[in-house]
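Colleague: following is a predicted model, sequence given first.
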Amino acid sequence: MEYSNLPLTGGPDQREDPDVQAVVFDMDGVLVDSFAVMREAFTIAYAEVVGAGPPPFQEYNRHLGRYFPDIMRIMGLPLEMEEPFVRESYRLAHRVTMFEGIPDLLTSLRGRGIGLAVATGKSGARARSLLDKVGILALFDHVIGGDEVPRAKPAPDMVLRALDLLDVRAEQALMIGDAVTDLQSARAAGVRAVAALWGEAPEADLLAQHPDAALHSPRELHELLPRVPVH
């Protein structure tokens, strides 16, 4: 586990922050491993709309965390790719898996009285459908999609909306993401930014953003949060 400027208390073997009352999660690459499904959906959508040739998935991957139409605009690809991409994402959703330790982590956090939200570049409806399919939707207080705020990541709107719904101040929350846009969104909202290094994003890119903490597995999050007994 790596730390930069996250305020922590306790001795050298007890690094935790008693003021954290909420955790905002990105979804893809943090809660669920959906990269293979996204790659296949993107490949099919590209072939249908653009035509033959290798789909530029590597470039697409660099923009993950943003709302899909925004990525298309940045890459100069047709917005018409969204329909087949979403269609195939729903069709292939049964292949998406959770990262090891996520259900136990979420259950533990809820037991500590910590508010939980998701802020994802996916549309809200698609995010809630996928979280329901993998069985963890009910563990979140709120799920906010890129289409449900005026500005998607890297703007702070989704994180600010989560804070408002959870009724917590920015200094009482963490945002955990696996993309540069996640960390930028957290910082813009005044929330401490935590890099999730267990996904496919290049570690160097995330560390270059100087996150407040960098975690190599979901279970390491326990060390940042207060140990509140379950009542």
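Modeller: Received, thanks.
Colleague: now do stretch 58-76, average pLDDT.
Modeller: Rounded to a whole number, the mean pLDDT of stretch 58-76 is 90.
Colleague: low-confidence ranges in the chain?
Modeller: 1-18, 226-231 (pLDDT under 70).
Colleague: can you map out the strands along it?
Modeller: Counting by DSSP state E, the segments of the chain that form strands are 2-3, 22-25, 32-33, 97-98, 115-120, 142-145, 173-177, 192-196, 213-215.
Colleague: go through the chain and flag its longest helix.
Modeller: Ranked by number of residues, the top helix in the chain under DSSP state H is helix 35-49.
Colleague: before we move on, back to that, mean neighbour count and distance to residue 41 added to the strands of the chain, as JSON lines?
Modeller: Placement of C-beta: from N, CA and C, glycine included. Listed next are these as JSON lines, based on neighbours: other CB atoms under 10 Å; distance: least, CB to CB, whole Å:
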{"stretch": "strand 2-3", "mean neighbour count": "15", "distance to residue 41": "33"}
{"stretch": "strand 22-25", "mean neighbour count": "26", "distance to residue 41": "22"}
{"stretch": "strand 32-33", "mean neighbour count": "21", "distance to residue 41": "14"}
{"stretch": "strand 97-98", "mean neighbour count": "14", "distance to residue 41": "16"}
{"stretch": "strand 115-120", "mean neighbour count": "26", "distance to residue 41": "16"}
{"stretch": "strand 142-145", "mean neighbour count": "21", "distance to residue 41": "17"}
{"stretch": "strand 173-177", "mean neighbour count": "27", "distance to residue 41": "21"}
{"stretch": "strand 192-196", "mean neighbour count": "26", "distance to residue 41": "22"}
{"stretch": "strand 213-215", "mean neighbour count": "22", "distance to residue 41": "28"}
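Colleague: quick one: contacts for the residue sitting nearest the centre point of the chain?
Modeller: In the chain, the centroid-proximal residue (CA atoms, centre = their mean) is residue 26; its distance is 1.2 Å. Residue 26 makes contact with 65, 118-121, 175-179, 182, 196 under the criterion CB atoms under 8 Å, 6 or more residues apart in numbering.
Colleague: give me phi/psi at residue 146?
Modeller: phi -60, psi -20 (degrees, to the nearest 10).
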